[in-house]
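Asks: any chance you can model this:
(one chain, ligands or ions: 1)
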Amino acid sequence: MGNNEQTSGSKGPNPKQLNPMALALAEAEAAAARGEVPVGAVIVDEKGIVLAQAGNRTLELKDPTAHAELLVIRQAAAKRDSERLIGCDLYVTLEPCTMCAGAISFARFRRLYYAAADEKGGGVDHGVRFFSQATCHHRPEVYGGLSEEPARALLQRFFAERRE
Ligand SMILES: [Zn+2]
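Replies: So this is what the prediction gives:
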């Protein structure tokens, strides 16, 4: 579009004060400290207020569905007392998997921002490309690559340490 692009690396309209992706990265770091795959997620409502934040807890909860995205969706839906999060935006440090992409569609998010792409496990811009399928009835606006570097570095460090 115009040539007044910001150099901060942010894409799309910026929620006011705090940077939700920085919060999501902090949640990813906390997940790594717990031995969980370092992925963090944050939900912001239409006013820019943080409704929920979480990191992966699949090991701790012994729940294969306890991905950061599903944890924040459950928190935010409970807070709003609604199964739909219309007008809300989801920030996550890794491209969502197919399961989470499905949940993101069902929750009717306005926008999805993710940091690192996931060529092996992603379901948004890789794999089944869930939002592009005819069976997907709500598609959020998707912005990938926001704060990609720190999110990717965190994942790489985590898996490198596990291989040692
Ligand atoms: Zn997932």
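
Asks: interface residues of the chain facing the ion?
Replies: The interface of the chain toward the ion, taken as Cβ under 5 Å from the ion, is made up of 67, 97, 99-100. Placement of C-beta: from N, CA and C, glycine included.

Asks: as a check, name the ranges of all strands in the chain.
Replies: Using DSSP state E, the strands of the chain run over 40-44, 50-55, 89-94, 111-116, 141-144.

Asks: out of those strands, which is closest to R80?
Replies: With Cβ to Cβ, the closest approach to R80 among the strands of the chain belongs to strand 50-55: 7.1 Å.

Asks: ok and the closest one relative to strand 89-94, angle-wise?
Replies: Using axes from the mean of the first three to the mean of the last three Cα atoms, to 10 degrees, the inter-axis angle of strand 50-55 relative to strand 89-94 is 20 degrees.

Asks: outside of strand 50-55, which residues touch it?
Replies: Contact partners of strand 50-55, identified using Cβ atoms under 8 Å, 6 or more residues apart in numbering, comprise 18, 20, 23-24, 27-28, 30-31, 34, 36, 38-45, 68, 71-73, 75-76, 79-80, 85, 88.

Asks: which neighbours does it have in its sheet, and in what orientation?
Replies: Strands that pair with strand 50-55, judged by DSSP bridges, come out as strand 40-44 (antiparallel).

Asks: strand 111-116 and the strand it pairs with, what's the angle between them?
Replies: Going by the same axes, to 10 degrees, strand 40-44 makes 160 degrees with strand 111-116.

Asks: what's the average pLDDT for strand 40-44?
Replies: The average pLDDT within strand 40-44 is 98.
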